[in-house]
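Peer 1: curious how this folds, go ahead:
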Amino acid sequence: MTNFLIIARKEIQEGLRNRWVLATTLLLAALALTLSFLGSAPTGNVGVNRLDVVIVSLSSLTIFLVPLIALLLSHDAIVGETERGTMLLLLSYPIGRSEVIFGKFLGHLAILAFATAIGYGAAAGALTITGSEIAADSWRAFLSMVASSVLLGAVFLAIGYLTSTLVGERSTAGGIAIGIWLFFVLIYDMALLGGLVAAKGKAVPALWLDLLLLANPTDVYRLLNLASGNAGALSGMGGIAAHTGLTAPVLVATLALWTIVPLGWATVIFSRREV
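Peer 2: Have a look, this model is predicted:
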């Protein structure tokens, strides 16, 4: 077994001991089940596929919750071990620093992927048990939503690792992580909306709109899950999709790039950092 897989297994085992896996899975499952049964209650009257409503509800939940969970998992991954002195012990073994970063990242991503798949899968399973008729397109959209939710989590895990390599104290890393979450989840879109209002109805060039949306991974996630098909009609984001030329492959590639760049940057910084 390669070194980074050994480190990934260690992170998963620590997550099990610290109840991170259990707590995250139960939290996502409880919220997903609540949204499934409360959010899809009116669908019988309006003839909307219940799973489509669940996709919209869970996508909205993901934007707020998954980035926060990812940042809480990763913000002290490096600086925390450095403060405790365990990082020095770890690096005394024949393990490269890049293997430490990628191993820890893989372990945390596995925890997040497991919690997301089981938690959100519980909602789809509950709808199936109740006898709801679900179209094949809705199942594909649901699986795409779960996969992109894990990818969004990977983005914020990578950002958390970058933060953890830049600072010297856990408390500082925690404060910055919360600030990052607030910026991408709340402040950025409020500022963007304010800018559009300030434009007083003037049309924003399509290229600028695309770049502004791609500059925020949560907006990329919204476009990927809430701006097309039945979800676009239910979420009200279909109009945005009509004015942008961003396709699903471009959006997925953007989320992948949002993961690779911070993680690569964190690796470079950690390789030059004294422990």
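Peer 1: please name every helix or strand in contact with the longest helix anywhere in the chain.
Peer 2: As assigned by DSSP state H, the longest helix anywhere in the chain is helix 97-129. Using 3 or more Cβ pairs under 8 Å, 6 or more residues apart in numbering; DSSP states H and E, the elements in contact with helix 97-129 are helix 3-17, helix 20-39, helix 50-74, helix 86-91, helix 136-166, helix 248-271. C-beta: built from backbone N, CA, C; applies to glycine.
Peer 1: can you give me the buried ones in it?
Peer 2: By neighbour count with 16 or more other Cβ atoms under 10 Å, helix 97-129 contains the buried residues 97-124, 126-127.
Peer 1: quick check: the residue nearest to Val150 when sequence neighbours are not counted vs Thr25, distance?
Peer 2: Nearest in space to Val150, with sequence neighbours left out and distances taken as Cβ to Cβ, 6 or more residues apart in numbering, is Ala113 at 4.7 Å. Going from Ala113 to Thr25 by Cβ to Cβ, to the nearest Å gives 11 Å.
Peer 1: got any ranges where the stretch 151-275 of the chain has weak pLDDT?
Peer 2: 199-204, 227-244, 275 (pLDDT under 70).
Peer 1: can you rerun that using 90?
Peer 2: 168, 189-213, 222-248, 272-275 (pLDDT under 90).
Peer 1: quick check, pLDDT for Phe102.
Peer 2: pLDDT for Phe102: 94.
Peer 1: same question for Arg9.
Peer 2: 91.
Peer 1: begin at 48 from here
Peer 2: Sounds good: first residue 48 from here, last item Arg56.
Peer 1: list the contacts of stretch 161-170.
Peer 2: Residues from elsewhere that reach stretch 161-170 (Cβ atoms under 8 Å, 6 or more residues apart in numbering): 68, 71-76, 78-80, 82-83, 101, 105, 113, 116, 189, 192-193, 196-197, 200.
Peer 1: so the residue nearest to Val197 touches Leu199, yeah?
Peer 2: No - look at Ala160 against Leu199 with Cβ atoms under 8 Å: they stay out of range, at 11.4 Å.
Peer 1: using the three-state scheme, assign Arg320.
Peer 2: coil (DSSP: H, G, I helix; E, B strand; the rest coil).
Peer 1: just give me how far the host helix or strand of Val267 sits from the chain centre.
Peer 2: Secondary structure assigned from DSSP states H and E places Val267 in helix 264-273. The chain centroid and the centroid of helix 264-273 are separated by 10 Å under Cα atoms, centre = their mean, to the nearest Å.
Peer 1: what's the answer for stretch 154-163, then?
Peer 2: 11 Å.
Peer 1: excluding chain neighbours, what is closest to Gly221?
Peer 2: Sequence neighbours aside, His122 is the residue nearest to Gly221 in space, at 5.8 Å (criterion: Cβ to Cβ, 6+ apart).
Peer 1: which residues touch that neighbour?
Peer 2: By Cβ under 8 Å, 6+ apart, the neighbours of His122 are 207, 210-211, 217, 220-221, 223-224.
Peer 1: redo that, cut-off 6 Å
Peer 2: 207, 210-211, 220-221, 224 (Cβ atoms under 6 Å, 6 or more residues apart in numbering).
Peer 1: cheers, nothing more for now.
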